[in-house]
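[1] I'll drop the sequence and a predicted model, then ask my questions.
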Amino acid sequence: MRIQDLAQLSTRMFKTNPLRTWLTILGMGVGTGAVVVLVGLGFGLQKIILEQIVFGETLLSLGVSATGAQNLKLTVETVDEFKRYEEVLDAAPLARFPALVTYKGLTGNVFIQGVEPPYLRYAGVTATEGTVFTNEDAGDTSSIMLSPAVLKLFGIDDAESFVGEKVSFRLLVPAEDGSDSVVEVPIDKEYVVRGITKEEGVLNAMMMLPELRNHVGIEEYERIQVRVNSNENLPIVEARLIEAGYRVTALSKTVEQASKIFQGIQAVLATFGGIALLVSAIGMFNTMTVTLLERTKEIGIMRTIGASPKDVKNLFISESIVVGFMGGLSGIVMGVTFGVIVNVFLNVIAGQFGGQAVNLFSFPIVFLVFIALFSAAVGYLTGVFPARRASTLNPLDAIRYE
C-alpha cells in the first residue's frame, strides 16, 4: 500500500465517525493536558528559584572565608597567593565594616562592604532596580548600592523611587588600643544610591573597595571570591583550599542540589499526570477495539481485493498514531492555555498589590515536543493489539461477519 493511500485511509475516520473520533482525541488530550500542566508547574517552580542565581562566571567561582583555625586571615597576600594557583584566573576580595547609615535625619545600623567589580560578577550580585558596579566604575567615589532591607529601615516600599537618593555613613571600627570598644569614623560626604541589590534579609551597603580604603585602613578581608578557569578544576581548587583550612562555598553545588530536588518534584507531578494519561489510553484502546469489530466486514473486503495482512495492520496502527498525536497536540494546547491564563492572573494580582511578577508555569519547547511524540507513541501502543488482531482475520469469515 502506498504511503499516500495509507495516509488517506487512516484519516477517513474524521469523516465516517467524526464525533467518536474527536471525543477520543479529547479524552487523550485531557490526560496529556494533565501531564503538561503538572510538569509545567514543576518547571515553573524550578525557574522561579534558579533564575535568582546568575549563571556563567558565578558557577565557576568559589567563596572563600577564614574559619579561625590555624590563625588564618584573608589579606592582600592571601589574594595574591590564590591568583598564583594554576587553575585560578582571578581572586576578588570583600572587606566589611559595621556602620551607621543616615537618610533624611533617620539613622540605622548596616554593614558597609568594599568590593571590586569582578567580585560582583563572581558572587552573582545583581540589581532589582538601578545598575550594578561595572569595570568602568572601579574608581567610583560617589555612589553606593543598598540591599532591600536597608530601605525598610527608612520605611521605603518603592525601591525604584529610592534610586538617586543620597545617604551618608559613619563607620564603626575597632579601637586601636586592642579593647572591645569601637570608634566612629564619620565620612564627610553623601553617596548617591545607584542600585538596589537582590540580597534579601541582609543590611548591606556596597561601595568600591578603593573608596572604602580612603576612610579606613583594611588589614583583613571578610571574603574572597576565587574565579576558577574551568568546571573540571573546581573540585581541585576547592579541595586545596579546604585542606589549607579555609571555609569554601560553591554556588554550583547549590544549583546542582536544587536541580535534583526539582527533578524529583517533576517526576512526582508527572506520575500524577501519567495516571490521567493512562486512563485516557485505556479509553482509546477500547475505541480502537470497537472500531475493529465494526469494520470486520470492511477488512474482509480489503483482504479479498488484494490487501495484505501487513497493509491492514499498518492501517490500524497509523489510525492509532494519528489519534494519539492529535490528542497530544490538543493536550498541549489545553495545558499551555491553562498555564498562561494562571500566569497572567497571578501577575495582575501581584501588580495590584505591589508584588513581583512571576510565571508559575513554564513550558520549554523541548518538553512540549517530547509530549507530542510521546502521545503518538502511546497511540501506537494502544493500536498494536487491535491492528495485529485485524491482520489475522480470515477474509471469508470477516466478509460473513454481521
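    Okay, I see it. Numbers count the residues shown, from 1 in each chain.

[2] I'd say Leu251 and Glu57 touch.
    No - using CB atoms under 8 Å, Leu251 is not in contact with Glu57; the gap is 10.3 Å. (Each C-beta comes from the backbone N, C-alpha and C, glycine too.)

[3] so what sits against both of the two?
    Between them, Leu251 and Glu57 share no contacting residue under CB atoms under 8 Å, 6 or more residues apart in numbering.

[4] which SS state does the closest residue to Gly324 other than its chain neighbours fall under?
    Of all residues not flanking Gly324 in the chain, Gly379 sits nearest, at 1.8 Å (CB to CB, 6 or more residues apart in numbering). Three-state call for Gly379 (DSSP: H, G, I helix; E, B strand; the rest coil): helix.

[5] can you pull the contacts of Gly379?
    Counting by CB under 8 Å, 6+ apart, the residues that Gly379 touches are 28, 284, 320-325, 327.

[6] make it 10 Å
    Applying CB atoms under 10 Å, 6 or more residues apart in numbering, we find Gly379 in contact with 24-25, 28, 281, 284-285, 288, 317-328.

[7] with Val333 as the reference, measure out to it.
    Computed as CB to CB, to the nearest Å, the Gly379 to Val333 distance reads 17 Å.

[8] tell me the domain ranges of this protein?
    Domain assignment for the chain by automatic domain parsing gives 3-53+257-399, 73-244.

[9] so what's the gap between the last one and the chain middle?
    Meaning domain 73-244. 28 Å (CA atoms, centre = their mean, to the nearest Å).

[10] start at 401, not 1
    Right, with 401 as the first residue, what we last looked at is domain 473-644.

[11] distance between the ends of that domain?
    12 Å (CA to CA, to the nearest Å).

[12] what about the strands in the chain?
    Using DSSP state E, the strands found in the chain span residues 461-466, 488-503, 506-515, 527-530, 543-546, 566-574, 582-586, 591-597, 604-608, 623-628, 646-650.

[13] select, out of the ones you listed, the one closest to Val740.
    Judged by CB to CB, the one of the strands of the chain that comes nearest to Val740 is strand 527-530, at 24.8 Å.

[14] now do the helices in the protein.
    403-410, 413-416, 418-450, 476-483, 517-523, 548-553, 559-562, 609-613, 634-643, 651-694, 696-704, 709-752, 765-791, 795-799 (DSSP state H).

[15] what's the average pLDDT for the fifth one?
    Averaged across helix 517-523, the pLDDT comes to 90.

[16] mind exporting the C-alpha coordinates of it to PDB?
    Extracted in PDB, the C-alpha atoms of helix 517-523 (Å, rounded to 0.1, in the frame of the first residue of the first chain):
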ATOM      1  CA  PRO A 517      33.600  45.000  40.100                       C
ATOM      2  CA  PRO A 518      34.900  41.400  39.500                       C
ATOM      3  CA  TYR A 519      33.700  40.400  42.900                       C
ATOM      4  CA  LEU A 520      30.100  41.300  42.000                       C
ATOM      5  CA  ARG A 521      30.300  39.200  38.800                       C
ATOM      6  CA  TYR A 522      31.800  36.200  40.600                       C
ATOM      7  CA  ALA A 523      29.400  36.300  43.500                       C
END
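
[17] please identify the buried residues of that helix?
    By neighbour count on 16 or more other CB atoms under 10 Å, the buried set for helix 517-523 is 517-523.

[18] state the distance from the residue nearest to Phe672 when sequence neighbours are not counted to Glu576.
    Nearest non-adjacent residue to Phe672, counting by CB to CB, 6+ apart: Leu438, 5.8 Å away. Going from Leu438 to Glu576 by CB to CB gives 63 Å.

[19] neighbour count for those two, which is higher?
    Set side by side, Leu438 and Glu576 show more neighbours around Leu438, with 21 against 8, by other CB atoms under 10 Å.

[20] surely that one and Phe763 touch.
    No - assessed by CB atoms under 10 Å, Leu438 is found out of contact with Phe763, at 11.6 Å.

[21] for those two, list the residues in contact with both.
    Gly735.

[22] count the neighbours of the closest residue to Thr689 other than its chain neighbours for me.
    In space, Thr689 comes closest to Pro786 once its chain neighbours are excluded; the distance is 5.4 Å by CB to CB, 6+ apart. By the measure other CB under 10 Å, the count of residues near Pro786 is 23.

[23] Pro786 and Val690 touch, don't they?
    Yes - counting by CB under 10 Å, Pro786 does reach Val690; the two are 9.2 Å apart.

[24] list residues touching both of these two?
    Joint contacts of Pro786 and Val690 (CB under 10 Å, 6+ apart) do not exist.

[25] how far away is Leu494 from Phe761?
    38 Å.

[26] dump the residue contacts of Phe745.
    Leu760.

[27] ugh, typo on my part, it should be Arg521
    Contacts of Arg521 (CB under 10 Å, 6+ apart): 454, 456-458, 461, 490, 492, 532-535, 625, 627.

[28] possible to save these as a markdown table with neighbour count, distance to Asn743 and pLDDT?
    A markdown table is the format used below for the contacts of Arg521 (neighbours: other CB atoms under 10 Å; distance: CB to CB, whole Å; pLDDT from 0 to 100):
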| residue | neighbour count | distance to Asn743 | pLDDT |
| --- | --- | --- | --- |
| Val454 | 17 | 23 | 50 |
| Gly456 | 10 | 27 | 58 |
| Glu457 | 17 | 30 | 70 |
| Thr458 | 19 | 27 | 78 |
| Ser461 | 27 | 33 | 87 |
| Asp490 | 19 | 40 | 93 |
| Ala492 | 24 | 38 | 94 |
| Val532 | 16 | 28 | 92 |
| Phe533 | 25 | 33 | 92 |
| Thr534 | 11 | 33 | 90 |
| Asn535 | 9 | 37 | 89 |
| Gln625 | 27 | 35 | 93 |
| Arg627 | 21 | 36 | 92 |
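
[29] tell me which of the residues you listed is nearest to Phe672?
    Val454 (33.1 Å).

[30] tell me which residues of stretch 770-790 are tucked away?
    771-772, 774-776, 778-780, 782-784, 786-787, 789-790.

[31] typo on my end, it should be stretch 492-511
    Here stretch 492-511 shows 492-497, 499-503, 510-511 as buried, counting by 16+ other CB under 10 Å.

[32] before we move on, what about stretch 761-771?
    Quick answer for stretch 761-771 (16+ other CB under 10 Å): 761-763, 767-768, 771.
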